[in-house]
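okay, here's the prediction I keep looking at, along with the sequence it came from:
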Amino acid sequence: MALPTAIEAVEFRRHQYGLTQSQWAYVLRWSPSHYSEFVNGKRSMNKRAMRWAFAHGVPAESLLQALPCLGSSDIDRRLASLRKQAKKDSTQHQEPNQ
């Protein structure tokens, strides 16, 4: 079974959350117009948006397949980097216990 493209995976997750494109763009830290360009294939996803998408459940394998010519060791390093950054981002954005 083939992996979904980055666009398909991101849109699938957006629909699962029940968000509009504008709301999902905000989650990914993109402007709505940039998100629309991404969905229409006119813009690629930057690393920051990939991290946020991964942190919100989009599979890293789908996000990374859009990157040009990566060997397996490069993909493993990128996956590790995405996981590490997503973990860091999630701990920074948690509200302190009261």
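Looks like it came in fine.

list the buried residues in stretch 33-40.
34-35, 38-39 (16 or more other CB atoms under 10 Å). Quick note: C-beta positions are derived from backbone N, CA and C, even for glycine.

so in the chain, which helix runs the longest?
Identified as the longest helix of the chain according to DSSP state H is helix 72-92.

that one - contacts with which helices or strands?
In terms of contacts (3 or more CB pairs under 8 Å, 6 or more residues apart in numbering; DSSP states H and E), helix 72-92 is packed against helix 47-55, helix 60-64.

of these, which approaches Gln92 most closely?
Gln92 sits nearest to helix 47-55 of all those, at 11.0 Å, using CB to CB.

angle of the closest one against helix 72-92?
Following axes from the mean of the first three to the mean of the last three CA atoms, to 10 degrees, one obtains 80 degrees for the angle between helix 47-55 and helix 72-92.

just give the nearest non-adjacent residue to Leu19, would you?
Counting by CB to CB, 6 or more residues apart in numbering, Leu19 lies nearest to Val27, which is 7.1 Å off, once chain neighbours are set aside.

may I have the phi/psi pair for the one you found?
phi -60, psi -40 (degrees, to the nearest 10).

show the pLDDT at it.
Here the pLDDT value assigned to Val27 is 90.
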